[in-house]
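Peer 1: This is a predicted model, with the sequence first.
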Amino acid sequence: MASRNFALLYRPRSLETFIGQKHLLADNAPLRKLIESDALQHSFFYGPPGVGKTTLARIIAEKLGRPFYELNATTLKVDELRAIFKQYANALVKPLIFIDEVHRLSKTQQEVLLPFMERYDALIVGASTENPFFSLTAAMRSRSLLFEFKPLRAEDLATMLDRVVEKEALLLSEAARAYLLDSSGGDMRAMLNLFEAAAAVTSDIEVETLRQLRPAALHDGSSSSDTHYNLISAMIKSLRGSDVDAALYWMARLIAGGEPPEFIARRMVIFASEDIGNANPNALGIAVDTMHAVSKIGYPEARIILSQCCVYLAASPKSNAAYKAINKAISAVEKGELQPVPRHLQSPDHPGYLYPHDFGGWVKQAYMQKPMRFYESKGIGFEKRLDEWLEKIKGKKSDQ
């Protein structure tokens, strides 16, 4: 059977046939209402690959009757943008310009877009696997809406898979069907590409064929598989509970199930900061080194590196003080507690700023207009040493 590009052939072409993202596109969801009332502003979609970002942009353009231009930030030329805007300068219907990998837009490219966005000479829709708000300028952010796309659920993938099986008149065993759904990591494109490759080999698809084409799952922390979620949860909770053997067992289950070593290592990096923190600051460095190492080495040897890190993290003292502190600080900002930057902190050479090194390393001065308290040390492990240092530094200078 010749390749037919299932991902393109069966791409949904209307909101009614779009699969997934119910939090954005259910009947009463804000994004759907904005689209249907033709009130959508410049928007940025971010989330994992294969979850419908480009598809939805195409549907929006079709529904609104706008010419559609699909560009990529990595190859985008400023002259190309200007040419599109010039073409529609006097047109009644403005185009929808879709920019993929939008987090890679340079500052110059963003500055070129700004005046056109301000006048709505085009509707700009960007997409990224990363949250683009961290790479966009404040001016771009102020003119845009941000929507997070989530990994597709097993039932979402199953809807499309059953549709294709019926249209293509293929035979798919239950084991093969389960493998397609569980190994694709919530990525519709990845599932359809694997299915298409298998269909090119045989019209009677068994799980063995799929495993030969994709030996390991594509899980990236977003699998639709309950087993995947449960195993990684059990491993993390065992690490948190300092049970070395249990953590190793659950990690072994993940490895035996084909979980990529990079995913396991990334979760351990997060754990090292969230659950160990400054009780043992070396844990983060070891976890990061583990993540880099397994990305270069892979299985089977990566299991040894993962095991070493797992044992170290489980045996380390635990503190979530830093994790709780940043959550409190972000919560305060989100609630509107926005303090102005004190004048003496606004520039390095401000005459009112006291340079701590000129005073033996510390000098009493205000770093916030109104004092706020977020960090509460638990005094565990190395945290106790940090507490002692702070007390010693400030205690010596407390009379200044």
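Peer 2: Right, received. Where do you want to start? Numbering: from 1, shown residues only.
Peer 1: Can you report how many residues lie near Ala154?
Peer 2: Using other C-beta atoms under 10 Å, Ala154 has 17 neighbouring residues. All C-beta atoms are positioned from the backbone trio N, CA, C, and that covers glycine.
Peer 1: Ignoring the adjacent residues along the chain, who's closest to the residue nearest the centre of the chain?
Peer 2: The chain has Glu130 as the residue nearest its centroid, 5.1 Å off, counting by C-alpha atoms, centre = their mean. Among residues not flanking Glu130 along the chain, His103 sits closest, at 4.9 Å (C-beta to C-beta, 6 or more residues apart in numbering).
Peer 1: check contacts around Glu148.
Peer 2: Counting by C-beta atoms under 8 Å, 6 or more residues apart in numbering, Glu148 touches Tyr46, Gly47, Asn131.
Peer 1: thinking again about what came up before, tell me the pLDDT at the residue nearest to Glu130?
Peer 2: pLDDT recorded at His103 is 90.
Peer 1: Tell me how many other residues crowd it.
Peer 2: His103 has 18 neighbouring residues, counting by other C-beta under 10 Å.
Peer 1: Let me see the contact set for it.
Peer 2: His103 sits next to Ala73, Ser128, Glu130, Asn131, Pro132, Phe134, Ser135, Leu136 when contact means C-beta under 8 Å, 6+ apart.
Peer 1: how about a cut-off of 6 Å?
Peer 2: Contact partners of His103, counting by C-beta atoms under 6 Å, 6 or more residues apart in numbering, are Ser128, Glu130, Pro132, Ser135.
Peer 1: before we move on, what about Thr290?
Peer 2: Thr290 sits next to Ala265, Ile305, Cys309 when contact means C-beta under 6 Å, 6+ apart.
Peer 1: Could you check how far the closest residue to Tyr10 other than its chain neighbours is from Arg253?
Peer 2: Nearest non-adjacent residue to Tyr10, counting by C-beta to C-beta, 6+ apart: Val164, 5.6 Å away. According to C-beta to C-beta, to the nearest Å, Val164 and Arg253 sit 31 Å apart.
Peer 1: before we move on, what about Asp162?
Peer 2: 29 Å.
Peer 1: between these two, who's got more neighbours?
Peer 2: Taking other C-beta under 10 Å, Asp162 and Arg253 do not tie; Arg253 has more neighbours (16 against 12).
Peer 1: Measure how buried Phe44 is and give me the count.
Peer 2: By other C-beta under 10 Å, 24 other residues sit near Phe44.
Peer 1: In three-state terms, how would it be classified?
Peer 2: Here Phe44 is recorded as strand under DSSP: H, G, I helix; E, B strand; the rest coil.
Peer 1: So what pairs up with it in the strands?
Peer 2: Residues in a beta bridge with Phe44, per DSSP bridges, are Gly126, Leu146.
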